[in-house]
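>>> Please work out how this folds:
(chains A and B)
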Number of protein chains: 2
Amino acid sequence: MIRHIVLLTWTDDATDEQKAAVAKHLGELPAVIPQLRRYDLGSDLGLAAAGNSDFAIVAEFDSVADYEVYRDHPQHHAVINEHIVPIKAGRAAIQFEF
Amino acid sequence: MIRHIVLLTWTDDATDEQKAAVAKHLGELPAVIPQLRRYDLGSDLGLAAAGNSDFAIVAEFDSVADYEVYRDHPQHHAVINEHIVPIKAGRAAIQFEF
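So this is what the prediction gives:
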């Protein structure tokens, strides 16, 4: 299987409402993208003194082709453009087999 | 449960042998840290044109206390200091509930 991980850091002026909207709208994607075998979203617990990312997206797929359906899905792009980009300060990502 | 994710980027001059040593020595930790409920390691598949991290560590624990056992374990620190630090160019991390 393929695991796709994105770790996001928010801008200092991002509001709780904006952060909550990201989780809400991403959380709607499994209903429209059945290729998502598993989809975990989570905010940093604050255990590290500094340097952690703020929000994690962990998506699992049966194949690279299924990952690409998610990557390119218009509703996914809408969430990125409308909710993530306006408060994004940093991003790390990877896709790997597990 | 708690998921701990680290995404690492390697230096340009990191060798395949050095990268393989990271995976090998991290892979020995579940045998000595039973608090690790699940431990997935993986190298980037190269699907993104640019900007991806190179290596993922995804660890799952029953509790924050169990995560802290892993975080502070001397054999874990030995792998970090001997194998990861010498080839580390970047790091993103998060801990979240799932």
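
>>> who are the neighbours in contact with the residue sitting nearest the centre point of chain A?
The C-alpha lying nearest the average C-alpha coordinate of chain A belongs to A:Ile57 (C-alpha atoms, centre = their mean; 3.5 Å). Going by C-beta atoms under 8 Å, 6 or more residues apart in numbering or on different chains, A:Ile57 touches A:4-8, A:26, A:39-41. Heads up, the C-betas are built off the backbone N, CA and C, glycines and all.

>>> Could you pick out the residues of chain A near chain B for me?
With C-beta under 8 Å from any C-beta of the partner chain as the criterion, chain A meets chain B at residues A:2-3, A:5, A:7, A:40, A:42-45, A:47-48, A:51-56, A:58, A:64, A:67-68, A:90-98.

>>> Show me which of those are buried.
The neighbour-count test (16 or more other C-beta atoms under 10 Å in any protein chain shown) applied to the residues of chain A next to chain B identifies A:2-3, A:5, A:7, A:42-45, A:47, A:52-56, A:58, A:67, A:92-96 as buried.

>>> which ones among these are found in helices?
A:Tyr67 (DSSP state H).

>>> Among the buried ones among the residues of chain A next to chain B, which lie within strands?
A:2-3, A:5, A:7, A:42-43, A:55-56, A:58, A:92-96 (DSSP state E).

>>> Save those residues as a markdown table, and put in pLDDT too.
Below are those laid out as a markdown table (pLDDT from 0 to 100):
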| residue | pLDDT |
| --- | --- |
| A:Ile2 | 98 |
| A:Arg3 | 98 |
| A:Ile5 | 98 |
| A:Leu7 | 98 |
| A:Gly42 | 98 |
| A:Ser43 | 98 |
| A:Phe55 | 98 |
| A:Ala56 | 98 |
| A:Val58 | 98 |
| A:Ala92 | 98 |
| A:Ala93 | 98 |
| A:Ile94 | 98 |
| A:Gln95 | 98 |
| A:Phe96 | 98 |
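
>>> Which members of these are the farthest-apart pair?
Spatial extent of these (C-beta to C-beta) is set by the pair A:Ile2 and A:Ser43 at 23.9 Å.

>>> and the residue of chain A most remote from its centre, how far is that from chain B?
In chain A, counting by C-alpha atoms, centre = their mean, A:Ala49 sits farthest out from the average C-alpha position, at 23.1 Å. Look at A:Ala49 and chain B: by C-beta to the nearest C-beta, to the nearest Å, they are 12 Å apart.

>>> That residue and B:Arg71, how far apart?
For A:Ala49, the distance to B:Arg71 (C-beta to C-beta, to the nearest Å) stands at 12 Å.

>>> what kind of secondary structure is A:Ala49 in?
Under the three-state scheme (DSSP: H, G, I helix; E, B strand; the rest coil), A:Ala49 adopts coil.

>>> give me phi/psi at it?
phi -60, psi -40 (degrees, to the nearest 10).
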